[in-house]
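> Return a 3D structure for these sequence lines:
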Amino acid sequence: MYLHFINQFIQSVFQTTSIYQIYPRSFYDSNGDGIGDIQGIIQKLDYIKDLGFETIWISPFYSSPQADFGYDISDYYNIAPEYGTMQDVEQLIDEVHRRDMKILFDMVMNHTSNQHHWFLESKKDKTNPKADWYIWRDKPNNWKSIVGPKGWQYCEERNQYYFASFLPFQPDLNYRNPAVKQAMFDVCRFWLQKKVDGFRLDIFNCIIKDAAFKDNPFSLLHIVPSEDFPGGNFQIRKYSLNQEENFELAKELRNVVDEFQPERILLGEVFGKNEVKKKYLGNNDGLHLIFLFDMLFFKFKAKFFQKKIIEYNYHYPFPLVPTTVFSNHDQLRSIGRIGNNLAKAKLLALLQFTLRGVPTVYYGEEIGMTNGKIPIKKGKDPIAETFRWVPQFIADMLPVGINRDNCRTPMQWNNGKNAGFSDGNETWLPLNTDVENRNVSQQKADKDSLLNVFKSVIHLRKNNAALHAGNIEIVSVYNPNILAFTRSYEKETLLVLLNFSNKKIKIELNQTIKQILFSIKNKASFNGFLDGYNGVVLKL
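So this is what the prediction gives:
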């Protein structure tokens, strides 16, 4: 009965897929101007397909002043010229589908650029047709933005303040106005009609705020932002995040995407406690998936991941599906948390693709790209501009990065000019100095490389229903450095063993091993010993 229940829900692509995130500005430059572009992505689709990924998520490339490099949209219906044309985007969608893959666009529904024509009209006066398309107040309350102390921005033309959840030039739309909601739903329909397979939804939990504008509570305990309490800065965002109407908005947007066939996907960027975040999923009638960002701040210990398996199983049981993500365009690359150690990175790759859930990999993660070393004072990131006053040595000690340029440096394709990213004389961000042996060309040729471990485990997951659709259960092996769990589907059971130490460890197993499906250290058999930082997948 239980397995039958699972089978009913694993037919949807969103529950078994794997996702590769592309930051287009940094992926591949096809025309030599130093900026990645749409044609560059098209030229590298076979690379992504060969790795085994089934879905691509691309950060925004709509028309934009690029003050936040695409997350400040001035026209949802057009393409920023540095990235290409509408014809390029249509070709990209077709080429992805021709390779039997899916493509998600990044949809920023919470705010627009302050250069969007809606806002330019809205700010003129208090009586124009777009006057209440944004959140305006004569007198600000105490709400802070997510990234700084000031959420309300004064507009001289209207002699009023508008609210911006993120940065001052990104005014929040007013979704309590039905016309706004309809306009944004129509934007989504426009791209769905062009056969986009769905959307990653930027800061979706910010969209609808408290109607009475009640002040957020002050808290001495919440200084630094966290997954449970985003924003930090001595404030709990009780009335400006995760309002009940936001959960209803998720269902309304689901109805929009359900108008289209084949099935489309909604993947939400939301923050808060698990019991709050999961409301966005509804009862199979809300968002399909939500990011679980606590993995971004992992501790490289078996116990940490054991707790996460238990936690995710409790909060996201079938038919819900968790997600696993270690890096993205907003946070420092995860390899920095393990001292840029490639052996540890291989273990994390095996873990990510054997856990229950949908794995998302950030471009360059598969070759162990390290964080850049661009100082705050030279950062192009608007958050870096906001925090230029912070001494560099303090910024280097913070648990969250305040210069996102350092996780957005150009993709390293080879160890030639500009790491193969561009033929131009200059790139939009400086390249990492750590290119040797951390580029696609060299790692492709090395059978033991991190890239080839990623390729192996991605295909292993793809070809084994127990890994992409089965249940998960912790196995006790009585050693704190070993993480052990089974993945089971119908009559098949796989055992995953991961050694988080650098020492060989003996593991006592009572089960009979039928086959070794994968070993990081390429062991042909398993004799009960697991080398340091090795991981294996065994068929029982």
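> So which elements touch the helix or strand harbouring Thr493?
Mapping Thr493 onto the secondary structure by DSSP states H and E places it in strand 492-499. In terms of contacts (3 or more CB pairs under 8 Å, 6 or more residues apart in numbering; DSSP states H and E), strand 492-499 is packed against helix 342-352, helix 465-468, strand 482-489, strand 535-539. Just so you know, the C-beta spots here come from the backbone N, C-alpha and C atoms, and that holds for glycine as well.
> Could you dump those into CSV with mean neighbour count added?
Formatted as CSV, the helices and strands packed on strand 492-499 follow (neighbours: other CB atoms under 10 Å):
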stretch, mean neighbour count
helix 342-352, 22
helix 465-468, 22
strand 482-489, 20
strand 535-539, 22
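> what does stretch 181-191 contact?
Identification of contacts with stretch 181-191 by CB atoms under 8 Å, 6 or more residues apart in numbering yields 76-77, 105, 107, 109, 118, 173, 175, 199, 249, 252-253, 256-257, 259.
> Regarding stretch 51-59, how distant is the last residue from the first?
By CA to CA, to the nearest Å, the extent of stretch 51-59 from end to end equals 20 Å.
> just to revisit the earlier point, after the strand holding Thr493 comes which helix or strand?
Later in the chain than strand 492-499, the nearest helix or strand by DSSP H and E is strand 505-506.
> Neighbouring strands of that next one in the sheet, and parallel or not?
Applying DSSP bridges, strand 505-506 is found paired with strand 529-530 (antiparallel).
> And the strand it pairs with, how far out from the chain middle?
Remark: strand 529-530 is offset 34 Å from the chain centroid, using CA atoms, centre = their mean, to the nearest Å.
> and it, average pLDDT?
Per-residue pLDDT over strand 529-530 has a mean of 95.
> now stretch 398-409
Stretch 398-409 shows an average pLDDT of 91 in the prediction.
> can you list contacts of that stretch?
So stretch 398-409 is contacted by 23, 25-26, 224-225, 297, 327-333, 362, 369, 371-376, 379-381, 383-384, 386-387, 390, 395, 429-432 (CB under 8 Å, 6+ apart).
> Make a ChimeraX selection of whichever of these turn out to be buried.
The following ChimeraX line selects those of those that are buried, judged by 16 or more other CB atoms under 10 Å:
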select :23,25,26,225,297,327,328,329,330,331,332,333,362,369,371,372,374,376,379,381,383,384,386,387,390,395,429,431,432
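> Low-confidence regions, this structure specifically.
For the chain, the stretches flagged by pLDDT under 70 are 1-11, 228.
> Give me the domain ranges for it.
17-112+178-206+238-458, 471-539 (automatic domain parsing).
> ok, which stretches of the stretch 301-450 of the chain are helices?
Counting by DSSP state H, counting those that start in this stretch, one finds helices in the stretch 301-450 of the chain at the ranges 302-315, 342-352, 382-386, 392-395, 440-444, 450-463.
> typed the wrong thing, it's the stretch 51-200 of the chain
Here the stretch 51-200 of the chain has its helices, by DSSP H, counting those that start in this stretch, at 86-98, 117-122, 178-193.
> by how many degrees do the first one and helix 178-193 diverge?
Calculated by axes from the mean of the first three to the mean of the last three CA atoms, to 10 degrees, helix 86-98 forms an angle of 60 degrees with helix 178-193.
> what packs against helix 86-98?
On a contact count with 3+ CB pairs under 8 Å, 6+ apart, helix 86-98 meets helix 38-43, strand 75-79, strand 102-107.
> at 6 Å what do you get?
Contacting helix 86-98 under the criterion 3 or more CB pairs under 6 Å, 6 or more residues apart in numbering; DSSP states H and E are the following elements: helix 38-43.
> distance of Asn174 from Asp285?
25 Å (CB to CB, to the nearest Å).
> and stretch 392-409, how far apart are its ends?
Per CA to CA, the first residue of stretch 392-409 is 19 Å away from its last.
> ok, now stretch 364-374?
First-to-last residue span, stretch 364-374, CA to CA: 17 Å.
> All good on my end, thank you.
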